[in-house]
Structure formats: C-alpha cells, structure tokens
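Asker: pasting the sequence and the predicted model now:
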Amino acid sequence: MGRQGAAAAAALLLMLAMLLPGPARAYEFDMVFQTKCILEDVNEHEEVVGHYAAYERDHPDHPVVLDVWFEDPNGALVFERHGAADADFHFTSAAEGEYKLCFTAKDYHTAQGARISMKWTTGADAHNWEAVAKKDNLNVIQTELRRLEQVVQTIHIELQNIRRKEERMRDINEATNTRVAWFNILAALICCTFCGWQLWYLNKFFKRKKVL
C-alpha cells in the first residue's frame, strides 16, 4: 500500500472513530445516603480503566474513607477496595450488561458531607498504547493506526449489540402482538358466549312468563 492509500485508510478510520461516542466518562456527585451506586452499560470483553476520589464537600482537601466494590451483571465482584479515599480500578468485562459501582461510607453522617469524583474509560482509550508502542517498536503513526483499528472493532461490536437489541425488541413486540391478538379473540368469544346465554335466558324467561 502506497502513502496515499495509507493516508486514505487512516482518514477513513479517523472518520469512523469520530462516529463513536466518547468512551471517557467523568462523574462528580454527593453521596447523600450511606451507600451510593451507579450503573453503566459495558460491552463484553471490553477493557475498563478508572479512578475515584472521595472527599468532604465543604473541604475538598480532606479525604473521606469509603468501601468500594464493582459488580458485573451477574453479581460477581470484579473490583473491591476497603478503607480507601481514592484508588484506581482496571478490569476486562466478562459479560455484556449493566455494571454496578457502589460506594459505602462508615456512617450516615459521613455520607451526608461526602462528595465523589470519578472518571473511567472503556474500549480503545482504556488501553495503554505507550506500552504497546514500546513493546512492538511502533512509531507514532503506527500506534495511532493500531488504536484506530481497535476503535473500529469497538464500533463493530457496538453495531452488533445494537442489532441484537433490535432483534430482541422485535421478538418481544411480535410475542406481545400475538398475545394481544389471542386475547382479543378470547374476549370476542367470551362476549359472543355471554350474549348467546343472555338471549337464551331471556327467551326462556319470557316463555315462562307467557310473554312469548
């Protein structure tokens, strides 16, 4: 591949990468309750890297010690830390779904004045590309192309996930429509049966009263 072909490929990868929402997420929130949890969707086999820091809301230079744990969609622990005001977490997801990160203060009073600052990154941007470049002896352009290739793979996985969700939603809609149709048929049969019984009963009643 010539230089022009490589440049075109790099430009195409860059445009595709721009279509993907930013993988870095930053949060800052007050605990309020003794235990505070946040949920985030993570794809299967996706690398997750992040950092959290807890401190007093009115005194940011005073750290607050918390117990922290990260659960996958099946409830299995992927990260756990006790008695730490800040820490880094790093894991690769084993399943697709909502991952739950929870913070617990030692008591309610501590939680009332605690604030948490957190940032995490998933996908290609969570990978240590400097280490990859040193290991494989890559220059800046090669490293960026490798990163963009990983981004494109992430986009492909995202599109597959969207298609699976659309298929599940379509199956649910079809099943719901089928149930509604059978329910309508059953309701119509019940109404017809009830009307027939009413006609039979009224006919019998009027004959007994010698009206008919």
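Answerer: Thanks, I have the structure now.
Asker: what is the burial count for residue 68?
Answerer: For residue 68, the neighbour count with other CB atoms under 10 Å is 21. Every C-beta, even on glycine, is put in place using the N, C-alpha and C of the backbone.
Asker: three-state assignment of it?
Answerer: Following DSSP: H, G, I helix; E, B strand; the rest coil, residue 68 is assigned to strand.
Asker: so who does the closest residue to it other than its chain neighbours touch?
Answerer: The shortest distance from residue 68 to any non-neighbouring residue, by CB to CB, 6 or more residues apart in numbering, is to residue 81 (4.8 Å). Residue 81 makes contact with 67-69, 87, 89, according to CB atoms under 8 Å, 6 or more residues apart in numbering.
Asker: try it again with 10 Å
Answerer: Shown in contact with residue 81 (CB atoms under 10 Å, 6 or more residues apart in numbering): 52, 66-70, 87-89.
Asker: equivalent analysis for residue 54, please.
Answerer: Applying CB under 10 Å, 6+ apart, the residues contacting residue 54 are 31, 63-66, 68, 84-87, 103, 105, 110-111, 114-118.
Asker: let me see the mean pLDDT of stretch 199-209.
Answerer: Average pLDDT, stretch 199-209: 81.
Asker: distance from the chain centre to that stretch, please.
Answerer: When C-alpha coordinates are averaged (CA atoms, centre = their mean, to the nearest Å), stretch 199-209 and its chain have centres 64 Å apart.
Asker: can I get it in CSV, CA atoms only?
Answerer: Provided in CSV are the C-alpha atoms of stretch 199-209 (Å, rounded to 0.1, in the frame of the first residue of the first chain):
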residue,chain,number,x,y,z
LEU,A,199,-80.6,-14.4,24.6
TRP,A,200,-81.3,-18.0,25.7
TYR,A,201,-82.1,-16.9,29.2
LEU,A,202,-84.4,-14.1,28.2
ASN,A,203,-86.2,-16.3,25.7
LYS,A,204,-86.7,-18.9,28.4
PHE,A,205,-87.8,-16.2,30.9
PHE,A,206,-90.4,-14.7,28.6
LYS,A,207,-91.8,-18.1,27.6
ARG,A,208,-92.1,-18.9,31.3
LYS,A,209,-94.0,-15.6,31.9
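Asker: circling back to that earlier point, pretty sure the residue nearest to residue 68 sits in a strand.
Answerer: Yes. Under three-state DSSP, residue 81 falls within a strand.
Asker: leaving out sequence neighbours, find the closest residue to residue 26.
Answerer: Residue 26 sits nearest to residue 119 (CB to CB, 6+ apart), 4.5 Å away.
Asker: ok, the one you found to residue 183 distance?
Answerer: 49 Å (CB to CB, to the nearest Å).
Asker: who are the packing partners of the longest helix along the chain?
Answerer: Secondary structure of the chain per DSSP state H: the longest helix is helix 140-208. Applying 3 or more CB pairs under 10 Å, 6 or more residues apart in numbering; DSSP states H and E, one finds that helix 140-208 contacts helix 3-19, helix 129-136.
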